[in-house]
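> When you get a sec, could you give me coordinates for this:
(one chain, ligands or ions: 1)
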Amino acid sequence: MLRRSARGIAALFIASLLTLAPLARAEHTDAGAGDGGIAEGAHAIDGGAPPSPAKTVESEPASVPAAAEPGAGAATDEEASEGEDEDAADAPPDDEEEVGAEEEGSHCFEAASAAPSEPPPFAELSDEELSARLMADPRALGSMSLGRTNSGALIGGVQMLSGERWEVINPRESWGTFETVDFIAAAIDKVHEKFPGSARVRIGDISDENGGDIAPHLSHQAGRDADIGWFYKEGLPSEWATRADANNLDLPRSWAFLRAFITETDVQLIFVDRKIQGMLYEYALSVGEDRAWLDKIFQYPTHACAGIIRHARGHLNHFHVRLHARKAQELGRRAYRFLLAKGRIRPPVTYVRVKVKRGQTLGRLAKQYRTTVSAIQRANGLRSTLIRAGKDYRIPRKGGVEYIPDPVSVPPRRRPPFNPSYDRPTG
Ligand SMILES: [Zn+2]
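Residues are numbered from 1 along each chain as shown. This next block holds a predicted model:
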């Protein structure tokens with residue numbers, strides 16, 4: 001259980017900085033994404049409470065990072081905290097979540113045979129053209145997924161609203177990239193294709209309209225993560241928190257659902273409690289799925305292989321899917337410098353200047369600003385832990401958006417061998 005400690009002040013502060021000026025309506029042209037509503041365009045959101053009373057805020061670097069942010073360890077503590085947790089039974093039902101293992105994963109799959117060198121999205125636009133287009137309309141080129149899922153932002157996203165086939169729990173946090181909402185809708189549609197008349201599923205949090213930190217999640221910051229409820233035998237359960245078990249889980253539909261994410265979308269990973277993995281794995285075998293393929297997809301039963309479906313505590317009432325959003329990620333990467341220069345996003349680390357009061361200690365400062373003693377020492381070139389009252393010190397604060405130097409690489413889809421239960425032979 002890795003519930004994030006409240007970073008309320010920082011989150012509100014970031015939110016207020018990220019709030020964009022009123023923007024043109026998003027163009028969502030994909031009409032075939034199911035019956036559900038996908039809202040277009042933006043509505044103004046409030047930036048929350050006023051920012052913290054911290055003194056001067058300076059951004060670093062003042063201009064733009066040339067490449068990876070040195071010392072921008074925004075993800076380190078979170079990445080370190082990933083890992084197996086055998087005590088799944090102890091986890092509270094709604095607990096979020098995992099994290100870490102952000103990009104890579106899937107080391108059980110052979111390295112993707114270098115995809116036939118398809119140019120990345122927007123390669124035809126020079127940086128100058130790209131900036132000009134964004135200057136005219138920040139949403140002109142589509143959604144932007146920035147940074148990492150645990151230190152990111154979303155610009156120009158689309159809001160997923162309840163529809164005939166799904167119910168959105170909290171529309172305030174149901175924003176994703178175009179690709180994200182299209183993929184989710186496509187996976188749900190695939191289940192309905194196989195099982196017409198299926199009940200609705202619930203969609204939990206995706207991201208905030210601007211991305212960034214939303215409690216209690218560690219990720220969900222870049223418009224590419226979604227919490228999604230299972231299909232249950234009795235249809236839509238009365239509560240989101242309803243845990244799936246051998247009695248109530250609709251195995252045929254729930255397996256078809258996960259399978260659809262694997263075959264129909266650019267899925268990166270899916271967090272599923274190990275107990276439910278076991279039920280789905282055995283069910284999949286019973287309907288003729290290839291065991292070798294399943295062993296690469298599931299972490300269950302060997303736990304040896306971090307495939308697509310991985311264990312994380314708290315994923316009994318829902319699963320968590322992380323999707324690649326090739327266009328939105330590449331656009332976010334290309335636009336990062338421009339957005340940083342315009343103050344639309346914050347760098348991973350910013351510095352606050354604080355005048356030290358009598359009696360204050362480094363430890364207390366570190367606690368107050370949610371950083372560490374050594375980080376403050378580094379930022380001020382201190383060799384000891386002595387600080388002097390009345391003197392200004394720079395306090396580093398995390399919480400901004402990390403720069404991703406490399407273009408996103410989406411591995412080929414891991415399609416299963418032919419299975420007559422799912423694939424009808426075509427002429
Ligand atoms: Zn989640």
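> which residues does Pro121 contact?
Arg326, Lys327, Glu330, Leu331 (Cβ atoms under 8 Å, 6 or more residues apart in numbering). All C-beta atoms are positioned from the backbone trio N, CA, C, and that covers glycine.
> which of those tops the neighbour count?
When neighbours are taken as other Cβ atoms under 10 Å, the top entry among the contacts of Pro121 is Leu331 (26 neighbours).
> Show me what Leu269 bridges to in the sheet.
Arg322 (DSSP bridges).
> surely it meets Arg322?
Yes - look at Leu269 against Arg322 with Cβ atoms under 8 Å: they come within range, at 5.1 Å.
> Minimum distance to the ion, which residue of the stretch 201-350 of the chain gives it?
Distances between the stretch 201-350 of the chain and the ion by Cβ to the ion are smallest at His320, namely 3.6 Å.
> What helix or strand is that residue located in?
With elements taken from DSSP states H and E, the one containing His320 is strand 318-323.
> and that strand, how far out from the chain's middle?
Here strand 318-323 is found 9 Å from its chain centre; the criterion is Cα atoms, centre = their mean, to the nearest Å.
> who does that strand touch, helix- and strand-wise?
The contact analysis (3 or more Cβ pairs under 8 Å, 6 or more residues apart in numbering; DSSP states H and E) places strand 318-323 against helix 178-194, strand 225-229, strand 267-271.
> The first one and the ion in contact?
In other words, helix 178-194. No - if you take Cβ under 5 Å from the ion as the test, helix 178-194 misses the ion, and the best it gets is 12.8 Å.
> that older thread, same list, the helices and strands packed on strand 318-323, but as JSON lines with mean neighbour count please.
Listed next are these as JSON lines, based on neighbours: other Cβ atoms under 10 Å:
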{"stretch": "helix 178-194", "mean neighbour count": "22"}
{"stretch": "strand 225-229", "mean neighbour count": "25"}
{"stretch": "strand 267-271", "mean neighbour count": "24"}
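> What are the neighbouring residues in contact with the nearest residue to Lys194 once chain neighbours are set aside?
Nearest residue to Lys194, sequence neighbours excluded (Cβ to Cβ, 6 or more residues apart in numbering): Ala256, at 5.3 Å. Ala256 is in contact with Lys190, Val191, Lys194, Phe195, Tyr422, counting by Cβ under 8 Å, 6+ apart.
> Please repeat the previous calculation with a cut-off of 7 Å.
Lys190, Val191, Lys194, Phe195 (Cβ atoms under 7 Å, 6 or more residues apart in numbering).
> Let me know how buried Arg378 is, in neighbour terms.
13.
> wait, is it part of a helix?
Yes - counting by DSSP: H, G, I helix; E, B strand; the rest coil, Arg378 falls inside a helix.
> List the contacts of Pro120.
Shown in contact with Pro120 (Cβ under 7 Å, 6+ apart): Glu330, Pro407.
> Would you quantify the distance from it to Lys391?
According to Cβ to Cβ, to the nearest Å, Pro120 and Lys391 sit 48 Å apart.
> Apart from its chain neighbours, what residue comes closest to the residue of the stretch 201-350 of the chain closest to the ion?
Phe271 (4.1 Å).
> Walking through the chain, point out its strands one by one.
For the chain, the strands defined by DSSP state E cover 37-39, 57-59, 144-148, 151-155, 158-161, 166-168, 175-176, 201-203, 225-229, 267-271, 309-310, 318-323, 349-355, 392-398.
> could I get those as a markdown table with mean pLDDT?
Below are those laid out as a markdown table (pLDDT from 0 to 100):
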| stretch | mean pLDDT |
| --- | --- |
| strand 37-39 | 45 |
| strand 57-59 | 43 |
| strand 144-148 | 96 |
| strand 151-155 | 95 |
| strand 158-161 | 98 |
| strand 166-168 | 97 |
| strand 175-176 | 98 |
| strand 201-203 | 97 |
| strand 225-229 | 97 |
| strand 267-271 | 96 |
| strand 309-310 | 94 |
| strand 318-323 | 97 |
| strand 349-355 | 88 |
| strand 392-398 | 89 |
